[in-house]
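Peer 1: Next comes the sequence, and after it the predicted model I'd like to discuss.
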Amino acid sequence: MDNIAFTMAGVQEAAKTMEVVLRQAFSAYPEGKRYLTEEELSSIIKVPAQTLATMRCRGKGPRYVKRGRMVRYDWNDVVAWMEIHKIKTVESESGAVKNLL
């Protein structure tokens, strides 16, 4: 049971960290078009630039614009991509914390 509690605590901590990162990112970029370099996006969403490059090669990840070697990400497309990958949890569905143990 301790392992389950530890895992749940880890998941909750990771969710809080991601929420902080997203709040900072949302406040950093105004609505409308905003194109980010690979390095800018990497630092905001805490994903290595090489991982973004790999995702592009595999046809995954957020939509991007490429002209020659220049790669740019539209912030609105990044947000849409992140929204698609939201994971529903018991707590988010019920709106209340349930005793899972």
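Peer 2: Structure's in. What do you need? Numbers count the residues shown, from 1 in each chain.

Peer 1: Show me what the longest strand anywhere in the chain is packed against.
Peer 2: Across the chain, the longest stretch assigned as strand under DSSP state E is strand 70-74. Under the contact criterion of 3 or more CB pairs under 8 Å, 6 or more residues apart in numbering; DSSP states H and E, strand 70-74 touches strand 35-37, helix 38-45, strand 65-67. Every residue, glycine included, has its C-beta placed from N, CA and C.

Peer 1: Restricting to C-alpha, output whatever helix or strand comes next after that strand in CSV.
Peer 2: Note on strand 70-74: by DSSP states H and E, the next helix or strand toward the C-terminus is helix 75-84. The C-alpha trace of helix 75-84 is given here as CSV (Å, rounded to 0.1, in the frame of the first residue of the first chain):
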residue,chain,number,x,y,z
TRP,A,75,1.9,28.7,-29.7
ASN,A,76,-1.8,28.0,-30.4
ASP,A,77,-0.9,24.7,-32.1
VAL,A,78,1.3,23.7,-29.1
VAL,A,79,-1.6,24.4,-26.7
ALA,A,80,-4.0,22.4,-28.9
TRP,A,81,-1.6,19.5,-29.0
MET,A,82,-1.2,19.6,-25.2
GLU,A,83,-5.0,19.7,-24.7
ILE,A,84,-5.4,16.6,-26.9
